[in-house]
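Q: Just the structure for this:
(one chain, ligands or ions: 1)
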Amino acid sequence: MQNFITTVIGARPQFIKAAAVSRALKSAGVYEKIIHTGQHFDQKMSEIFFREMEIPRPHYQLDIHSLPHGAMTGRMLEEIEKILMQDRPNAVLVYGDTNSTLAGALAAIKLHIPVIHVEAGLRSFDMKMPEEVNRILTDRLSSLLFCPTATSVENLYREGFQHFDTEIIHCGDVMYDAVLYYLEKAKKSSTIIEKLHLKEKEFALATIHRQENTDDIDRLEQIVKGLNSVNEELLVVVPLHPRTTAHLQKINTKPEFKIIEPVGYFDMIVLLEHCKLVLTDSGGLQKEAYFFSKPCVTLREQTEWTELVASGCNHLAGYKAEEIFKKYIQSMSKEGDFSGKLYGDGHSTEIIAEKIKRKFM
Ligand code: UDP
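A: Residues are numbered from 1 along each chain as shown. Next comes the predicted model:
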């Protein structure tokens, strides 16, 4: 039987990471089957990434979404297990910190199939975040841990991972590889700047989608007020996540900033290139702001990407309107240090693919 690995993905940031890694796996001659859990399912949150970024079509499409955490993870676990029992891949590859990540890892380990975790070792130290629970458990279930940063390696050592049967590899961040590969293509094909009439305009790019910000009405209201006040000085453009759109109806403050539908990766990196700064609660976007040397105001109390705060590129604002405006002013007046190679040299996907080939093929 052919040697292969199975990749489990399901959410937007995983499509972007998988796009970069799948390309490297193919070049290394590693055959991959993809399971798409369906966690993100619509055209703008899923299909566009597969098309634009030329991600191989999934072999399995599970269509599991819009459920509470337990039900979603449980149903994924059940369905992924069935596939793995039948296919018996050499290893299972998972990314990041979503329910799809945990379900993939858990299904595999129970069948004694080794788990590979890309974006291992990140910690926010906030167990109320579903992502933190998912990433800690997934790390513990994995036998190959690919860490994007020095801090993520340190986190694993502090938790005693050197005593487990795991290999820890500091490879850099696959999202940096993705930007380097796709930026030229994006610039050629995206028309978002013209479409939104942003050509001669200065603007801030913002996203809000973390559950702790969207599901808590007070927090969401404060964030909207904060973005409104920034918008009085600098146009704020917000490609809005469907979850946030649903919750916005419940608050009393009207958003004054420019809301657009979620955009594809190509439009997003073109917006990043043109914007003055980023305001976000997204993990991925904090790093992308750094890749483009743009200051970032983070709409959370803590971040897994602590090196960005240390280098003065990222300003943690939390959720309060006043604080968001204060950090906006601060970020525009004080230049951070964008010169470090915090996320590697753009070859992390090759390191990952070569290692997987040697270990599992
Ligand atoms: N992104 C995108 N379109 C959007 C918003 C975000 O392509 O409308 C990209 C963004 O550039 C980054 C990734 O999605 O590469 C981040 O995903 P998200 O914020 O959903 O998840 P997180 O990184 O917080 O896990």
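
Q: Give me the next element, helix or strand, following the helix or strand hosting residue 268.
A: For residue 268, the host element (DSSP states H and E) is helix 265-274. The helix or strand immediately downstream of helix 265-274 is strand 277-280, counting by DSSP H and E.

Q: Check which strands are paired with that following strand and give the direction for each one.
A: Paired neighbours of strand 277-280 in the sheet (DSSP bridges): strand 203-207 (parallel), strand 296-298 (parallel).

Q: about what we covered before: hmm, who's touching the helix holding residue 268?
A: Residues from elsewhere that reach helix 265-274, judged by C-beta atoms under 8 Å, 6 or more residues apart in numbering: 16, 19, 48-49, 52-53, 178-179, 182-183, 185-187, 189-190, 192-193, 198, 203, 205, 237, 239, 263, 278, 288-289, 291-292, 294. Just so you know, the C-beta spots here come from the backbone N, C-alpha and C atoms, and that holds for glycine as well.

Q: Just the buried ones among these, please.
A: Neighbour counting by 16 or more other C-beta atoms under 10 Å classes 16, 19, 48-49, 52-53, 178-179, 182-183, 186, 190, 192-193, 198, 203, 205, 237, 239, 263, 278, 288-289, 291-292, 294 among the contacts of helix 265-274 as buried.

Q: Which element, helix or strand, includes residue 200?
A: Using DSSP H and E, residue 200 falls within no helix or strand.

Q: what about it, how many residues close to it?
A: Using other C-beta atoms under 10 Å, residue 200 is surrounded by 6 other residues.

Q: And it, how far from the ligand?
A: Distance check for residue 200 against the ligand: by C-beta to the nearest ligand atom, to the nearest Å, it reads 23 Å.

Q: Around the ligand, which positions in the stretch 151-300 of the chain sit nearby?
A: 207, 209, 239, 262-265, 268, 282-285, 288 (C-beta under 6 Å from any ligand atom).

Q: Which of the residues you listed sits closest to residue 78?
A: Comparing these against residue 78 with C-beta to C-beta picks out residue 209 as the nearest, at 26.7 Å.

Q: which residue sits closest to the closest one, ignoring its sequence neighbours?
A: residue 241 (3.5 Å; C-beta to C-beta, 6 or more residues apart in numbering).

Q: Pretty sure the one you found sits against residue 210.
A: No. Between residue 241 and residue 210 there is no contact under C-beta atoms under 8 Å: 9.3 Å.

Q: Do a quick rundown of the strands in this protein.
A: Taking DSSP state E to define them, one finds strands in the chain at 5-9, 32-36, 60-61, 91-95, 115-118, 144-147, 167-170, 203-207, 235-239, 258-260, 277-280, 296-298, 314-316.
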